[in-house]
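Peer 1: all I have is the shape, not the residue letters:
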């Protein structure tokens, strides 16, 4: 893991900077150094390290300000920042540091073994977080190109997200218009009790398969769909939303009707 992890060390005390670098190099990490906040910020933007070990007290920009700017930079989303200090060590400093978006706050001095153990733990967390974010991005791109409408609703039926196919299918000009709606705005009044029952069934069983509905486009036109659903859970495993997949069945219904007419002829 070490050979694949790059670390930027920012500290204005040369002996500390050297000590960190020697320890990290010996463990196989790729290490870059900076001795001021501006240098650290520039190095982070140019090199995109995996981790930044950032002293809180620096001669120009404070470590907290450097951390705040790193965390505000969309290009540095995958950079984890550890604030480190031997002076700003009380609870208020730690709370303020974590409030800037820092991923951890360490108090110097640290025993070498503890330092390396913490570092390895944070590197594993960072790598897992990056892998999860990449997986989510791939899933989002897949959902965006699916030929079916995909939507996420909250437990009250309000739309939280809709893919481009869903926006198009329902006849809206933009996703923003749909996010002001609920599933009850898109279904006939006589179907509302069934919609509530199907949401309850999905929450109770985890899924709903191939439920047939008639939906309303923005224009007011009716069209048939087949809907499947699954529960989305939060970090505690509790239901937080319902994911819907809908396929328009207008052509299938028309073909079925033609077959029926031919059979009756």
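Peer 2: Now that the structure is in, tell me what you want to look at. This one's a predicted model, so the numbers in the text were calculated from it and none came from an experiment.
Peer 1: tell me the secondary structure at the nearest residue to residue 110 once chain neighbours are set aside.
Peer 2: Excluding the flanking residues, the one nearest residue 110 by CB to CB, 6 or more residues apart in numbering is residue 118, at 7.4 Å. All C-beta atoms are positioned from the backbone trio N, CA, C, and that covers glycine. At residue 118, secondary structure determined by DSSP: H, G, I helix; E, B strand; the rest coil is helix.
Peer 1: what about residue 118, neighbour count?
Peer 2: Look at residue 118: counted by other CB atoms under 10 Å, it has 14 neighbours.
Peer 1: ok, it touching residue 104?
Peer 2: Yes - between residue 118 and residue 104 there is a contact at 7.5 Å, judged by CB atoms under 8 Å.
Peer 1: picking up where we left off before, need the contact list for the residue nearest to residue 110.
Peer 2: Going by CB atoms under 8 Å, 6 or more residues apart in numbering, residue 118 touches 104, 106, 110.
Peer 1: from these, which shows the smallest pLDDT?
Peer 2: Minimum pLDDT for the contacts of residue 118 is recorded at residue 110 (84).
Peer 1: make sure I have this right: that one is in a helix.
Peer 2: No - Residue 110 is assigned coil when assessed by three-state DSSP, not a helix.
Peer 1: what's the local residue count around it?
Peer 2: Using other CB under 10 Å: residue 110 sits among 15 other residues.
Peer 1: same thing with residue 251?
Peer 2: With other CB under 10 Å as criterion, residue 251 counts 9.
Peer 1: direction included, what does the longest strand along the chain pair against?
Peer 2: Secondary structure of the chain per DSSP state E: the longest strand is strand 222-233. Sheet pairing for strand 222-233, assigned by DSSP bridges, gives strand 207-216 (antiparallel), strand 239-248 (antiparallel).
Peer 1: residue 9: which of those strands is closest?
Peer 2: Nearest of the strands paired with strand 222-233 to residue 9, taken as CB to CB: strand 239-248 at 39.5 Å.
Peer 1: quick check: mean pLDDT of the closest one?
Peer 2: 92.
Peer 1: what comes up buried for that strand?
Peer 2: Neighbour-count burial for strand 239-248, counted by 16 or more other CB atoms under 10 Å, picks out 241, 242, 243, 244, 245, 246, 247, 248.
Peer 1: what's the farthest-apart pair in those residues?
Peer 2: Across these (CB to CB), the longest gap, 22.8 Å, separates 241 and 248.
Peer 1: name the helix or strand for the residue most central in space within the chain, please.
Peer 2: Centroid-nearest residue in the chain, with CA atoms, centre = their mean: residue 133, separated by 5.9 Å. Assigned by DSSP states H and E, residue 133 belongs to helix 112-145.
Peer 1: in that helix, what's buried?
Peer 2: 115, 116, 119, 122, 123, 126, 127, 143.
Peer 1: check the offset of that helix from the chain's centre.
Peer 2: 11 Å (CA atoms, centre = their mean, to the nearest Å).
Peer 1: quick one, it and strand 239-248 angle?
Peer 2: Calculated by axes from the mean of the first three to the mean of the last three CA atoms, to 10 degrees, helix 112-145 forms an angle of 30 degrees with strand 239-248.
Peer 1: helix 112-145: what's the following helix or strand?
Peer 2: Past helix 112-145, the next helix or strand by DSSP H and E is strand 149-153.
Peer 1: got the angle between that next one and strand 207-216?
Peer 2: Going by the same axes, to 10 degrees, strand 149-153 makes 100 degrees with strand 207-216.
Peer 1: check contacts around the residue nearest to the centre of the chain.
Peer 2: 77, 78.
Peer 1: from residue 204, how far off is it?
Peer 2: Note on residue 133: its distance to residue 204, by CB to CB, to the nearest Å, is 31 Å.
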